[in-house]
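Model the following, please.
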Amino acid sequence: MFPGGGVDMQQLLQQAQKMQQDLAAAQQELAESTVEGSAGGGLVKATVTGSGELTALEIDPKAVDPEDTETLADLVIAAVRDANNAAQELAQTKLGPLAQGLGGGGIPGLPL
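From the prediction side, this is the model:
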């Protein structure tokens with residue numbers, strides 16, 4: 001099919017299938033992992049999955065001032081942002097090497 005011997009298509013298909021299986025396993029592991037972010041010196045803590053889903057939010061009572069809810073809102077946003085950044089780093093660690101194997105340009109639709 002390819003001039004001069006070319007590529008073994010069966011081997012290529014097997015490699016692609018293995019990479020697809022490895023990617024699916026890494027995505028599943030990522031979805032089951034959790035990371036934490038915090039703000040205000042730990043007054044607000046957010047926990048997200050490796051895929052970015054917020055699963056827990058802890059607010060220290062010291063962070064709650066009924067006269068200043070804006071600061072609390074800012075702390076919550078900062079903690080969630082911190083957790084999401086940690087989730088993106090985790091995704092890069094787990095999925096990055098697989099994306100490199102697929103050509104290095106990342107995979108459309110994945111948070112890399």
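
distance of Gln17 from Ala25?
Using CB to CB, to the nearest Å, Gln17 is found at 13 Å from Ala25. Placement of C-beta: from N, CA and C, glycine included.

remind me which residues of the chain are low pLDDT?
Along the chain, segments meeting pLDDT under 70 span 1-6, 98-112.

mind running it again at 80?
For the chain, the stretches with pLDDT under 80 are 1-7, 96-112.

What segments of it are helices?
9-32, 69-101 (DSSP state H).

Comparing those helices, which comes out most buried?
helix 69-101 (a mean of 17; mean count of other CB atoms under 10 Å).

any idea how far that one is from the chain center?
Computed by CA atoms, centre = their mean, to the nearest Å, the chain-centroid distance of helix 69-101 equals 7 Å.

Point out the other elements, helices or strands, that it touches.
helix 9-32, strand 34-39, strand 44-49, strand 54-59 (3 or more CB pairs under 8 Å, 6 or more residues apart in numbering; DSSP states H and E).

ok, 6 Å please
helix 9-32, strand 34-39, strand 44-49 (3 or more CB pairs under 6 Å, 6 or more residues apart in numbering; DSSP states H and E).

what are the pairing partners of the second one, and which direction each?
Spelled out, that is strand 34-39. Here strand 34-39 is paired, per DSSP bridges, with strand 44-49 (antiparallel).

what about dumping the CA coordinates of the partner strand to CSV?
C-alpha atoms of strand 44-49 as CSV (Å, rounded to 0.1, in the frame of the first residue of the first chain):
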residue,chain,number,x,y,z
VAL,A,44,-11.5,29.2,52.8
LYS,A,45,-10.7,25.9,51.2
ALA,A,46,-12.2,24.4,48.0
THR,A,47,-11.9,20.8,46.8
VAL,A,48,-12.3,20.0,43.1
THR,A,49,-11.9,16.8,41.1
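
picking up where we left off before, okay if I get the helices of the chain as a markdown table plus distance to Glu53?
Compiled in a markdown table, the helices of the chain are given as follows (distance: least, CB to CB, whole Å):
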| stretch | distance to Glu53 |
| --- | --- |
| helix 9-32 | 8 |
| helix 69-101 | 9 |
